[in-house]
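Engineer: sequence and computational prediction follow.
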Amino acid sequence: MAVTKKDVLEWIKAFAQVIAENKEYLTELDAQIGDADHGANMDRGFRAVLEKLPNGEDVDIGKIMKTVGMTLLSKVGGAGGPLYSTIFMQAGMSIDGKDYFDLADWAKALEAATAGVVRLGKASPGDKTMVDALTPAVQALKDATEQGLSLGEGLKKSAEAAEEGMIATIPLVARKGRASYLGERSAGHQDPGATSTFMLLDTAAKVWANCS
Amino acid sequence: MKKLINNPENVVLEELKGIELAHPDLVKVHYDPDFIVRADAPVKGKVALVSGGGSGHEPMHGGFVGMGMLDAACPGAVFTSPTPDQMLEATKAVDGGAGVLHIVKNYTGDVMNFEMAADLAKAEGIDVEAVVVDDDVAVKDSTWTAGRRGVGLTVLMEKLVGAAAEEGRSLKEVADLARKINGQGRSMGMALTSCVVPHVGKPTFDLPEDEMEIGIGIHGEPGRTRMKVEPADAVTEMLLNPVIEDLPFESGDEVLLFVNSMGGTPLIELYIVYRKAVEMLEAKGIKVVRNLIGPYITSLEMAGASITMLKMDDDLIKLWDAPVKTAGMRWGV
């Protein structure tokens, strides 16, 4: 069971759609504890991604992901731009040169992506950031690989873990990003970055559910 | 919410077109990637100053591009850090061979994007230093958090460091001066109303008619405490005392006192605040030797004010008085 180049393109297009549909919701979450721009920034970035998405015969999955990363870097801004860019760049480098990948490859790719985000954002789990959705998702993928679960099951587990991580940001006091300026008052709100990260992994689980 | 705009998506682009038409003698505007450079850039042999940040804080930063202040400014979307490609191209456009200083406000996104741009510029052989401004005492500082925000002191730093670069000081001297300024300046702000981000179209936060937010950021980030509105003198105390205590500013100090409008508060009210602040400082034996009063680092239409104090010395006074010719600040020319 493997995810093909075509599936990766479908995932990115579907995620752009999810972002467009949830633009106001993400901005609303950001307005509570940040600066009310996450939804609009992500939407601007992924609209640009759709325009630049390579789909020729000569590009592999790594190239597709790196193109997405570079586009986000120049179109999104804020902290979300470099961080989402890093996710795609690091995952792209991890799966470089391939036309398809399996669950173990994806676990490695998302682990590299998460390490990149941690390095750039200097955030740890529990800081109320996208790391709180990424870290458990990576662990779930590794566990699923070890247990020999199917691609579809493994992706579903990672999306569920990301969702739990996202929900677990609600009571946290932010220690990184703009929400950290609020101190104790950031508690009680779901982190917008962790939310969009969950959406990214949830979209992967849904779009790639029946990859064969 | 009523706004004098056409389409929220075109707000920054149409503003840049306006700046280009209004100030051809001062600046040139580059599009895609977007940045503003002084009309005579690059100035050969002079350290170049590049700043930038989200739009919505006008006149900062684009209004501070020109002789005696910034060489380039990179505007992001409203309240969103600009991107590394903008900063890299701006850096290349203004490098006059003496190096480039990036003045960065301490926000996660701004710091990340400027770091990436500095790495890219260095890879192209340009000498780049970066200084991060973090003067907002409303934010509790800790090694576990993103740290204090860069607010009002940014304006003073851009003026002072701009004058030093104009004098012909080296990149190291200019960067050290910027760090010294950051070390001896502090700020705190408050809001009476929220701002409205154009593409959101409604207030970023709800503030009842009879309440105010103390310790507000410049992006409508809620502050640290919310309370019933008090008279100007009491609000001035709430802002100035934490600023004085934090550094601390002491008897015998000479300071620059900057009373800033968040955008919606008129000058008449800023002078009321200024008057009370000077009274308080005089009582503590702190002497105001220079001042700045007006809307210089705003948060769209937010009503409110911030107070910034910077400890001055002879060198800083000389640099403050040096000629500056920008759309947002102009004297001595």
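Structural biologist: Sure thing, it's come through.
Engineer: for the residue of the stretch 201-333 of chain B found nearest chain A, which residues are in contact?
Structural biologist: Minimum separation of the stretch 201-333 of chain B from chain A (C-beta to the nearest C-beta) falls at B:H219, amounting to 3.9 Å. Heads up, the C-betas are built off the backbone N, CA and C, glycines and all. Shown in contact with B:H219 (C-beta atoms under 8 Å, 6 or more residues apart in numbering or on different chains): A:35, A:178, B:54, B:56, B:79, B:204, B:299.
Engineer: any idea how many residues pack against B:K180?
Structural biologist: 18 (other C-beta atoms under 10 Å in any protein chain shown).
Engineer: what is the host helix or strand of it packed up against?
Structural biologist: Using DSSP states H and E, B:K180 sits in helix B:171-183. Under the contact criterion of 3 or more C-beta pairs under 8 Å, 6 or more residues apart in numbering or on different chains; DSSP states H and E, helix B:171-183 touches strand B:100-105, strand B:128-133, helix B:153-166.
Engineer: nearest to chain A, of these?
Structural biologist: Chain A lies closest, by C-beta to the nearest C-beta, to one member of the helices and strands packed on helix B:171-183: strand B:100-105, at 11.6 Å.
Engineer: okay if I get the helices and strands packed on helix B:171-183 as a markdown table plus distance to A:D127?
Structural biologist: Shown next, in a markdown table, are the helices and strands packed on helix B:171-183 (distance: least, C-beta to C-beta, whole Å):
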| stretch | distance to A:D127 |
| --- | --- |
| strand B:100-105 | 21 |
| strand B:128-133 | 19 |
| helix B:153-166 | 26 |
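Engineer: any chance of CSV for the ones you listed, columns distance to chain A and mean pLDDT?
Structural biologist: CSV is the format used below for those (distance: least, C-beta to the nearest C-beta, whole Å; pLDDT from 0 to 100):
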stretch, distance to chain A, mean pLDDT
strand B:100-105, 12, 98
strand B:128-133, 14, 97
helix B:153-166, 16, 98
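Engineer: let me have the ones you listed in a markdown table, extended by mean neighbour count and distance to B:I36.
Structural biologist: A markdown table is the format used below for those (neighbours: other C-beta atoms under 10 Å in any protein chain shown; distance: least, C-beta to C-beta, whole Å):
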| stretch | mean neighbour count | distance to B:I36 |
| --- | --- | --- |
| strand B:100-105 | 28 | 14 |
| strand B:128-133 | 21 | 19 |
| helix B:153-166 | 26 | 13 |
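Engineer: hmm, back to that, let me have the contacts of B:H219 in a markdown table, extended by secondary structure.
Structural biologist: Formatted as a markdown table, the contacts of B:H219 follow (DSSP: H, G, I helix; E, B strand; the rest coil):
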| residue | secondary structure |
| --- | --- |
| A:D35 | coil |
| A:R178 | helix |
| B:G54 | strand |
| B:G56 | coil |
| B:F79 | coil |
| B:T204 | coil |
| B:S299 | coil |
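Engineer: by neighbour count, which of those wins?
Structural biologist: Within those, most neighbours by other C-beta under 10 Å means B:F79, with 34 neighbours.
Engineer: what does the stretch 51-200 of chain B put close to chain A?
Structural biologist: Residues of the stretch 51-200 of chain B lying close to chain A (C-beta under 8 Å from any C-beta of the partner chain) are B:54, B:76-85, B:107-109, B:112-113, B:116, B:138-140, B:142, B:144-146, B:149, B:197, B:199-200.
Engineer: select only the buried ones of those residues in PyMOL?
Structural biologist: Only the buried entries of those go into this PyMOL selection, using 16 or more other C-beta atoms under 10 Å in any protein chain shown:
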select buried, chain B and resi 54+76+77+78+79+80+81+82+83+84+85+107+108+109+112+113+116+138+139+145+146+149+197+199+200
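Engineer: which of the residues of the stretch 51-200 of chain B next to chain A fall in helices?
Structural biologist: B:84-85, B:108-109, B:112-113, B:116 (DSSP state H).
Engineer: list the buried residues of the longest helix seen in chain A.
Structural biologist: Using DSSP H to define each element, chain A has its longest helix at helix A:5-33. Buried residues in helix A:5-33, counted by 16+ other C-beta under 10 Å: A:5, A:7-13, A:15-16, A:18-19, A:22-23, A:26-33.
Engineer: beyond that helix, next helix or strand please.
Structural biologist: Using DSSP H and E, the helix or strand that follows helix A:5-33 in sequence is helix A:38-52.
Engineer: now that next one: average pLDDT?
Structural biologist: Helix A:38-52 comes out with an average pLDDT of 95.
Engineer: for chain B, tell me whether the helix or strand that it is followed by is touching it.
Structural biologist: Next helix or strand after helix A:38-52 toward the C-terminus (DSSP H and E): helix A:61-75. Yes. Using C-beta under 8 Å from any C-beta, helix A:61-75 comes into contact with chain B via A:73-75.
Engineer: which of the residues you listed has the most neighbours?
Structural biologist: Busiest of the residues of helix A:61-75 next to chain B [other C-beta under 10 Å] is A:L73, holding 23 neighbours.
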